[in-house]
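Trainee: With the sequence up front, the predicted model follows.
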Amino acid sequence: MSTSAPQSTLTDAEMEALVRKYDSETNFRRLTGVTGFAVTLACIVLSVFHIYTSGFGLLNEVMHRSVHMSFIMPLVFLLFPRARVEKPVRAWGFGLAFAAFYVFLGVQLADALSGRIPDMARWGLIGVSFALALTALPISALGGQGNRVSVTDWPLAIAGGGSSLYLIIFFDEIFIRNVGFPQPLDYVMGLLAIIMVLEAARRTMGEVLPVIGTLALLYAVFGPYLPGDLAHRGYNIIRLVNHLYLGTEGIYGIAIGVVATFVFHFVLFGVLAQKSGLGQLFIDLASIVAGRYAGGPAKVAVVSSGFFGMISGSPVANTVTTGAFTIPMMKAKGFSGRFAAATEASASCGGQVTPPIMGAAAFVMTEMLGVPYNELILIAIIPAAFHYLSTLFMVHLEAKRLNLEGIAPDKLPQFLDVLVRSWHLFIPLVVMVTLLLMKFTPFLAAFWGIILTIVCSYIPVTLQLVGLGRRMDASSALTPMKLQDALKSGAQQSIAITAACACVGFILGVTTLTGMGFKFSGAVIDGAAWMGAAISALDPFGFLSQNGTTLFFALIFVAIACIIMGAGIPTTPTYIILAAIAAPALQQLGVPLLATHFFVFYYGVLADITPPVALAAYAGAGIAKSDPMKTGMTAFRLSMGKALVPMMFIYAPALLFIDFTWWDFMLALSSGVLSIVALSVAYIGFFKTSVARWEKWVLSLAGLVLVAHNLTAIVLSAAVVLTILWRNTRKPADTGVPRPQD
């Protein structure tokens, strides 16, 4: 009888290629020679620095963030190829726009420093801005497109790291002795930092986020010339550089602070845990829990992705790692390739909302809200459970519709064998979660998680040396080569999120400087109030209140903004931007602060399974050989639980333990579960037997109404849903459903 789950059907190289194809954040160059050695050494030193500071004390916030950026910025330009777009016209369009902006910044600063620096220095500053503008253009002669570092990459790496290293070297002069009186060189280095951050974001994230950052900077400068409520007093380049560079409101703000103190450590822990075999252990456990039931491989995909998501915040990596095992098995059992890939993608995206790690955005939320992380992971349990319940129930209905069986018992791993072989892998995770729940700092919990992962990986080897533990898996040991690779990989996986968060610092800084968030909030509220008044006027019975319809449309507007923003930007930057400029609109309508942040967080996460940029779904489609766009649409429908959950806890904050009473909580919980059941049956079109078209429409409407926290609406909708479900149980069961085709 088998003692372990089947292994991945993809080689490590094939999995890496898929991740690189669909996840621009891991599109690293394969460097060799002196450059490769230098990059590896820098990554290892950065990882060791963060491990040490997490266990023995952080530096002051500016110094700590500057050290982090001093390593990350050079790594961006050495590891990532220059930003590429498919169409040359588009590439030149973006390149010229950024080049013009860099020259504009240089000229503006040169004029602002007139009289404070020699004319020769002013012309030199303008010349440097032209040189930087030249590197922004897609000129093939400048190189930088493949695995080889080009002649322009080294100067950019030095400039990127130097702008942060400058703050470290001259920290006392800038922040202690000359505080409030910056020198001209401070402004020049600040301008260099702004341009380098934009270029770093272009390389790692593409064009969308840097464009938004650039528009934010232009908004700050040209405020007096804007119409209506958009206008503000305007800020010159001196004030802008001072605000964004010489403080903690811009580049070195809260976003970079979270990456340098929380995100990096948990990313490194996840990498070490995977290399020690925790990922395979999760797949084994998921197979034991769910493999034998109808549609077993699909349920294994959902459960294993939920386990795996606890240590991985990357939907694409999660999809590829578990999907390489589950997707071929789902297809072999009778699921279509599209449904198999969509199931894996939908489940994998739950990793970013699944405690205890939840991805980078959750750490940002703790800082922005001031809510302890141990409380946040407890609050997040119910919303995450709703997401997995939705996906799991739809998978179950699809399996029943197709009459699919589970995995044969002799193909499943045995629990005792798995436990005996890999029990030591639980120790770091249990200790880390315990420390979080005991209110220790997240980075200290991550420190002990990292140390114990390394130490515990040698338990099988140690026991076998003394004649014990013969059945344990000695391959889990993190040998020096494995450890070196993990330290390097952990640093590399933090590069893109650091560049993105530094660019987001422009948006946050401009928001605090100009009050842009309040202007956006006012626009959302005005638009929602207008729509609400129009709808209320059409209600002859007075069922719809003005306040209720205004809130509903405000939620819709913010949700649409989240999905559109998330279509081109990863989850964490999307959350930070919308939490700063959109969440205040909901607050003004009486929504609790925690609920507003969870709302934008959840809708931002949907981006990875929302076409046209459904990267996790596309990665799954690459494994399943299915149509990427159709796979993305199916994944979005399978994630309707995640789309509905934000609405649930806006109308029923008790789900987030806000204004908690057992009556409100149980009412919201039961109506939420019934809503998911109704919508799942409507989408799959099956409940013991095929569901009629009119029943699908009624179930869909009732499922949406159940989200509202209104006792009368819940009772009526529940009665309708239960009646239809009971009616279908009375029909003869369907048989002989043909196998689906892509």
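Mentor: Noted; the coordinates are in hand. Numbering: from 1, shown residues only.
Trainee: Report the buried residues of stretch 25-40.
Mentor: Glu25, Thr26, Asn27, Phe28, Arg29, Leu31, Thr35, Val39, Thr40 (16 or more other Cβ atoms under 10 Å). (Each C-beta comes from the backbone N, C-alpha and C, glycine too.)
Trainee: Looking at these, which are in strands?
Mentor: Using DSSP state E, no member of the buried residues of stretch 25-40 sits in strands.
Trainee: Report the two of these separated the most.
Mentor: Between any two of the buried residues of stretch 25-40, the greatest separation by Cβ to Cβ is 20.8 Å, found for Glu25 and Thr35.
Trainee: rewinding a little: which one among the buried residues of stretch 25-40 gets closest to Val258?
Mentor: Closest to Val258, out of all of the buried residues of stretch 25-40 and judged by Cβ to Cβ, is Glu25, at 16.6 Å.
Trainee: any idea how far the closest one is from Tyr388?
Mentor: For Glu25, the distance to Tyr388 (Cβ to Cβ, to the nearest Å) stands at 25 Å.
Trainee: likewise Pro355?
Mentor: 12 Å.
Trainee: Just the ones in helices from the buried residues of stretch 25-40, please.
Mentor: Among those, the ones falling in helices (DSSP state H) are Thr35, Val39, Thr40.
Trainee: Including pLDDT and distance to Trp694, could those go into CSV?
Mentor: Output for these, formatted as CSV (pLDDT from 0 to 100; distance: Cβ to Cβ, whole Å):
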residue, pLDDT, distance to Trp694
Thr35, 91, 65
Val39, 95, 62
Thr40, 95, 63
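Trainee: CSV please, covering these and showing distance to Ser305.
Mentor: Formatted as CSV, these follow (distance: Cβ to Cβ, whole Å):
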residue, distance to Ser305
Thr35, 36
Val39, 31
Thr40, 31
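Trainee: List just the nearest of those to Val208.
Mentor: Val39 (26.8 Å).
Trainee: Residues contacting stretch 132-139, please?
Mentor: Residues from elsewhere that reach stretch 132-139 (Cβ atoms under 8 Å, 6 or more residues apart in numbering): 82, 84, 88, 91-92, 95-96, 98-100, 102-103, 106, 142, 152, 156, 159, 195, 199, 202.
Trainee: Need the buried ones from these selected in ChimeraX.
Mentor: In ChimeraX syntax, the buried subset of the contacts of stretch 132-139 is picked out as below (16+ other Cβ under 10 Å):
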select :82,91,95,98,99,102,103,106,142,152,156,159,195,199,202
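Trainee: Please narrow the contacts of stretch 132-139 to those residing in helices.
Mentor: Counting by DSSP H, those contribute 88, 91-92, 95-96, 98-100, 102-103, 106, 156, 159, 195, 199, 202 to helices.
Trainee: So among the residues you listed, where is pLDDT lowest?
Mentor: Within the ones in helices among the contacts of stretch 132-139, Pro88 has the lowest pLDDT, namely 75.
Trainee: OK, contacts around it?
Mentor: Pro88 makes contact with Pro138 under the criterion Cβ under 8 Å, 6+ apart.
Trainee: Any figure for the gap between the residue nearest the centre of the chain and Ala141?
Mentor: Centroid-nearest residue in the chain: Thr571, 3.6 Å away (criterion: Cα atoms, centre = their mean). Applying Cβ to Cβ, the value for Thr571 to Ala141 is 37 Å.
Trainee: any idea how far the closest residue in space to Gly672 that isn't next to it in sequence lies from Ala477?
Mentor: Among residues not flanking Gly672 along the chain, Met648 sits closest, at 5.1 Å (Cβ to Cβ, 6 or more residues apart in numbering). Distance of Met648 to Ala477, given as Cβ to Cβ: 45 Å.
Trainee: quick one, which of the two is more surrounded?
Mentor: For Met648 versus Ala477, the count of surrounding residues by other Cβ atoms under 10 Å is larger for Met648: 25 against 18.
Trainee: Provide the secondary structure category for the more buried one.
Mentor: Put simply, Met648 is helix when judged by DSSP: H, G, I helix; E, B strand; the rest coil.
Trainee: quick one, what contacts Cys46?
Mentor: Let me fix one detail, which is that residue 46 is Leu and not Cys. His68, Phe71, Ile72, Ala491.
Trainee: what mean pLDDT does the helix or strand harbouring the first one have?
Mentor: His68 belongs to helix 61-79 when assigned by DSSP states H and E. Averaging the model's pLDDT scores along helix 61-79 yields 94.
Trainee: likewise stretch 327-337?
Mentor: Rounded mean pLDDT across stretch 327-337 is 86.
Trainee: Report the buried residues of that stretch.
Mentor: Quick answer for stretch 327-337 (16+ other Cβ under 10 Å): Ile327, Pro328, Met329, Met330, Lys331, Lys333, Gly334, Phe335, Ser336, Gly337.
Trainee: Among those residues, which ones are in strands?
Mentor: Going by DSSP E, the strands hold none of these.
Trainee: could I get these as a markdown table with distance to Pro428?
Mentor: Output for these, formatted as a markdown table (distance: Cβ to Cβ, whole Å):
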| residue | distance to Pro428 |
| --- | --- |
| Ile327 | 29 |
| Pro328 | 31 |
| Met329 | 29 |
| Met330 | 31 |
| Lys331 | 35 |
| Lys333 | 34 |
| Gly334 | 38 |
| Phe335 | 35 |
| Ser336 | 39 |
| Gly337 | 36 |
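Trainee: Go through these and say which is closest to Ser680.
Mentor: So of these, ranked by how close each gets to Ser680 (Cβ to Cβ), first place is Phe335, at 16.0 Å.
Trainee: for that closest one, what are its contacts?
Mentor: Gly295, Pro297, Ala298, Thr343, Glu398, Ala399, Leu402, Leu404, Pro740.
Trainee: mind redoing it with 10 Å?
Mentor: Residues near Phe335 by Cβ atoms under 10 Å, 6 or more residues apart in numbering: 295, 297-298, 301, 327, 329, 341-343, 395, 398-399, 402, 404, 624, 739-740.
Trainee: List buried residues within those.
Mentor: Buried among these by 16+ other Cβ under 10 Å: 295, 297-298, 301, 327, 329, 341-343, 395, 398-399, 402, 404, 624.
Trainee: any low-confidence regions in the protein?
Mentor: 1-24, 83-87, 177-180, 310-314, 359, 539-544, 566-568, 607, 612, 733-742 (pLDDT under 70).
Trainee: Can you give the domain ranges for it?
Mentor: 31-239, 258-496 (automatic domain parsing).
Trainee: Nearest to Ile609 among those would be which one?
Mentor: The nearest among the domains of the chain, by Cβ to Cβ, is domain 258-496 at 5.3 Å.
Trainee: and the end-to-end length of that closest one?
Mentor: 14 Å (Cα to Cα, to the nearest Å).
Trainee: so which of the buried residues of stretch 25-40 comes closest to Ile288?
Mentor: Of these, the one sitting nearest to Ile288 (Cβ to Cβ) turns out to be Thr26, at 30.7 Å.
Trainee: wait, isn't that closest one in contact with Ile497?
Mentor: No: between Thr26 and Ile497 there is no contact under Cβ atoms under 10 Å: 11.1 Å.
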